[in-house]
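Q: here is a sequence with its predicted model. Questions after.
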Amino acid sequence: MSTANPQPLWQPDPQQIARARITRFQAWAAEHHGAPADGGYPALHQWSVDQLDTFWKAVTEWFDVRFSTPYTRVLGDRSMPGAQWFPGATLNYAEHALRAAADRADEPALLHVDETHEPRPVTWSELRRQVGSLAAELRTLGVRPGDRVSGYLPNIPQAVVALLATAAVGAVWTSCAPDFGARSVLDRFQQVEPVVLFTVDGYRYGGKEHDRRDTVAELRRELPTLRAVVHIPLLGTDAPADALDWAALTSADIEPVFEQVPFDHPLWVLYSSGTTGLPKAIVQSQGGILVEHLKQLGLHCDLGPEDRFFWYTSTGWMMWNFLVSGLLTGTTIVLYDGSPGYPDTGAQWRVAERTRATLYGTSAAYVMACRKAGVHPARDYDLSAVRCVATTGSPLPPDGFHWLHDEFAQSGADLWIASVSGGTDVCSCFAGAVPTLPVHTGELQAPGLGTDLRAWDPSGHPVIDEVGELVVTNPMPSMPIRFWNDPDGSRYHDSYFDTYPGVWRHGDWITLTARGTVIIHGRSDSTLNRQGVRMGSADIYEVVERLPEIKESLVIGIEQPDGGYWMPLFVHLAPGAVLDDSLLDRVKQAIREHLSPRHVPDEIIEVPGIPHTLTGKRIEVPVKRLLQGTPLEKAVNPGSIDNLSLLDFYEELARKRA
């Protein structure tokens, strides 16, 4: 890995740097808390991890976090797992999310967009009123602090209202998207035993209506702890006789009452993709999420009251929770409920245009799909409001950086591209956007403030300009307070802390460069290791999927019993393409030229499709286990896969090879 200083793709100008909230924060923290006034972001980051307590105290003061009872200290216990943040403090997340209603009552808090692409606003005062009404009704239903409230909902305003009302009463929110089947939802919700279920009758996607009433009936049968079900008639059907009607619960004009809960009181439960066994039920705290998201959105994403924040997501992905937290910075958030590619591949850009989004977030896969489909976003849509395009879900390939930059540059736009990487586990980013730093192709700008991010070799030594394990050596406030149904904490411990005691190991391969940037190489537990050379699968996908004949690919590295190593590349072809000798040669040649001869797979195998988790990640580890002979039911949790029948092919291949 070269330590040279290549030319950045983008650089903020002096005015952009001066205007950025992070610049003002640094000057203020220098004056009030001894942060370094000079040295820019690298100096601020170093201070934020060296002086962890002082940094997080500064964050709470800068963003005016309202503690109804004061904390005794910032970090009561810094050991991981089990760090104690702001002991003694009480507060409420929803109270902070609705603060902008006081001085911007008639401005939009939410812009709701469906497949008609026509934005519909919900004002701050209306959002606050609905949350007040629903919170009062939840209390009437007997919902108490710590009770679980669940949503089987698409990305619609009602989901935001339900989350905030749940937090207002101190209950614990959890949600799944309505494209999840009953088994997947039950694998999640049965673990946490919800007392209320908010549900739609169906949803619209790709121009079609999808009726979910049968699934909802099954959820009701299989969740015996439910005391109430709330029906939201998205498709216009009547509520079941014993269900409550959404409109009736949200029609009163009641000022919300915000339960003041301890800093580490649970806010929501998120779920790991659950590719093996039951999904992990990850519990994050009201205070931990509040301060982490204020930092991430207010400083790193540079969001404020004049911004409009759009991220394409569903309620089954942590990015939805992150999007809702845009309200904390007084930002208008854009909720898009529909297919990312309907009626055409450019749909998300059209939503960004119609909502005047200033920060537009999407997946790396969508960017690459637009490039392949010949979409010209800045030419064909008015994206003059967009300051930043952010991507996550998988590493944005260098081609994606260049394509975005060039497309916007042709219209004279100066686009900040932020590739970010984090995890459901912390509901935040470990590394990514910094508005005051240059952007280098294929790299994340820097580790986040207060995030002591390192790359470690197998013996636990830090490495620079070399591939290592992503570790975090100091606690972050949004790390899970626990997993649900993990009484002795063993599952939580084994998920992150079994490799390096007391240090969070995330399961990604990264390179920290001497320049301070971060390169993500893919999952370390499915990382390829050929002749001692480790490589991420993302590098191979980027090169292979540049070929127009390859729709998608999956590469697996399998240690053989005889000490050998088998590395097949599975390819799902575009319609009309044929895996003939010519294409085989071009795939190998592309890998040899752009990566190295060691990356060339042992076999290239055509498959009917690539299996994904329900949140769209390729499932490398379960396929690897299948190919190593693990039975299907032990290799994968069937409820977490988008198309289970695709796994039959890999299972049959394993049988033949055995």
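A: Structure's in. What do you need? Just so you know, these numbers come straight off a predicted model, no measurement behind them.

Q: before we move on, what SS does residue 569 have?
A: Classification of residue 569 by DSSP: H, G, I helix; E, B strand; the rest coil places it in strand.

Q: pull the contacting residues for it.
A: 540, 544, 553, 554, 555, 587, 601, 603, 604, 605 (Cβ atoms under 8 Å, 6 or more residues apart in numbering). Quick note: C-beta positions are derived from backbone N, CA and C, even for glycine.

Q: quick one: low-confidence parts of the protein?
A: Along the chain, the model assigns pLDDT under 70 to residues 1-5, 273-277, 531-534, 561-563.

Q: what residue is smack in the middle of it?
A: residue 319 (3.8 Å; Cα atoms, centre = their mean).

Q: I'd like the next helix or strand past the helix or strand residue 216 falls within.
A: Here residue 216, judged by DSSP states H and E, is contained in helix 213-222. Next helix or strand after helix 213-222 toward the C-terminus (DSSP H and E): strand 228-232.

Q: so residue 173: helix, strand or coil?
A: Following three-state DSSP, residue 173 is assigned to strand.

Q: quick one, what contacts it?
A: Residue 173 touches 148, 149, 150, 151, 162, 163, 166, 167, 267, 268, 269, counting by Cβ under 8 Å, 6+ apart.

Q: only the buried residues of stretch 494-513, if you could.
A: 495-497, 499-500, 503-513 (16 or more other Cβ atoms under 10 Å).

Q: ends of it, how far apart?
A: 29 Å (Cα to Cα, to the nearest Å).

Q: pick out whichever of the contacts of residue 173 sits closest to residue 32.
A: Taking Cβ to Cβ as the measure, residue 32 lies nearest residue 267 of the contacts of residue 173, at 28.4 Å.

Q: give me the nearest residue to that closest one, chain neighbours excluded.
A: Once flanking residues are discounted, residue 267 sits nearest to residue 286: 4.3 Å by Cβ to Cβ, 6 or more residues apart in numbering.

Q: any idea how many residues pack against that neighbour?
A: Residue 286 has 26 neighbouring residues, counting by other Cβ atoms under 10 Å.

Q: same check, this time on residue 49
A: 18.

Q: please identify the helix or strand for it.
A: Per DSSP H and E: residue 49 is located in helix 40-50.

Q: mind checking how far that helix is from the chain centre?
A: 25 Å (Cα atoms, centre = their mean, to the nearest Å).

Q: what is it packed up against?
A: helix 21-33, helix 52-62, strand 446-447 (3 or more Cβ pairs under 8 Å, 6 or more residues apart in numbering; DSSP states H and E).

Q: got the angle for it vs helix 52-62?
A: 120 degrees (axes from the mean of the first three to the mean of the last three Cα atoms, to 10 degrees).

Q: give me the angle between the lengthiest helix in the chain and strand 228-232.
A: The longest helix of the chain (DSSP state H) is helix 124-140. Angle of helix 124-140 versus strand 228-232, following the same axes, to 10 degrees, is 150 degrees.

Q: could you number the chain from 822 rather than 1 from now on?
A: In the new count, where the first residue is 822, that last one comes out as helix 945-961.

Q: can you give me the helices in the stretch 972-1121 of the chain?
A: Using DSSP state H, counting those that start in this stretch, the helices of the stretch 972-1121 of the chain run over residues 978-989, 1003-1013, 1034-1043, 1067-1070, 1107-1116.

Q: so which bits of the shortest one are buried?
A: Burial within helix 1067-1070, assessed by neighbour count using 16+ other Cβ under 10 Å, is assigned to 1067, 1070.

Q: sorry, back to before: give me the contact list for the helix holding residue 870.
A: Residues contacting helix 861-871 (Cβ under 8 Å, 6+ apart): 843, 847, 850, 856-857, 876, 1255, 1257-1258, 1267-1268, 1270-1273, 1295, 1337.

Q: again, only using 6 Å
A: 847, 856, 857, 876, 1255, 1257, 1258, 1270, 1271, 1273, 1337 (Cβ atoms under 6 Å, 6 or more residues apart in numbering).

Q: number of nearby residues for the closest residue to the fourth one other than its chain neighbours?
A: Using Cβ to Cβ, 6+ apart and skipping residues adjacent in sequence, the residue nearest residue 876 is residue 869, 4.1 Å away. The burial metric for residue 869, expressed as a neighbour count using other Cβ under 10 Å, is 25.

Q: how close does residue 869 sit to residue 1278?
A: When distance is defined by Cβ to Cβ, to the nearest Å, residue 869 is 25 Å away from residue 1278.

Q: not counting sequence-adjacent ones, nearest residue to residue 1422?
A: Spatial nearest neighbour of residue 1422, excluding adjacent residues (Cβ to Cβ, 6+ apart): residue 1390 at 3.8 Å.

Q: what residues are bridge-paired with that neighbour?
A: Taking DSSP bridges as the rule, residue 1390 bridges to residue 1376, residue 1425.

Q: that one and residue 1190, how far apart?
A: Taken as Cβ to Cβ, the span from residue 1390 to residue 1190 is 20 Å.

Q: again with residue 1072
A: Distance from residue 1072 to residue 1190, counting by Cβ to Cβ: 42 Å.

Q: between those two, which has more neighbouring residues?
A: When neighbours are counted by other Cβ under 10 Å, residue 1072 and residue 1190 differ, and residue 1190 comes out ahead with 17 against 14.

Q: and the gap between the more buried one and residue 1372?
A: Counting by Cβ to Cβ, the gap from residue 1190 to residue 1372 is 10 Å.

Q: repeat that for residue 1409.
A: On the measure of Cβ to Cβ, residue 1409 and residue 1372 end up 18 Å apart.

Q: what are the buried residues along stretch 1371-1390?
A: Buried residues in stretch 1371-1390, counted by 16+ other Cβ under 10 Å: 1371, 1372, 1373, 1374, 1375, 1376, 1377, 1378, 1379, 1388, 1389, 1390.

Q: residue contacts, residue 1239?
A: By Cβ under 6 Å, 6+ apart, the residues touching residue 1239 are 1209, 1211, 1253, 1254.

Q: so what sits opposite the first one in the bridge?
A: This points to residue 1209. residue 1180, residue 1237.

Q: please identify the buried residues of the helix or strand residue 1476 falls within?
A: In this assignment (DSSP H and E), residue 1476 forms part of helix 1467-1478. Judged by neighbour count using 16+ other Cβ under 10 Å, the buried positions of helix 1467-1478 are 1467, 1468, 1470, 1471, 1472, 1474, 1475.

Q: does anything pack onto it? Which helices or strands?
A: Applying 3 or more Cβ pairs under 6 Å, 6 or more residues apart in numbering; DSSP states H and E, we find helix 1467-1478 packed against helix 1441-1448.

Q: and the next element down the chain from the helix it packs on?
A: helix 1453-1456.

Q: so how far is that next one off the chain centroid?
A: With Cα atoms, centre = their mean, you get 26 Å for helix 1453-1456.

Q: quick one on the thing from earlier: adding distance to residue 977, write the buried residues of helix 1467-1478 out as a markdown table.
A: Shown next, in a markdown table, are those (distance: Cβ to Cβ, whole Å):
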| residue | distance to residue 977 |
| --- | --- |
| 1467 | 30 |
| 1468 | 32 |
| 1470 | 36 |
| 1471 | 36 |
| 1472 | 38 |
| 1474 | 41 |
| 1475 | 42 |
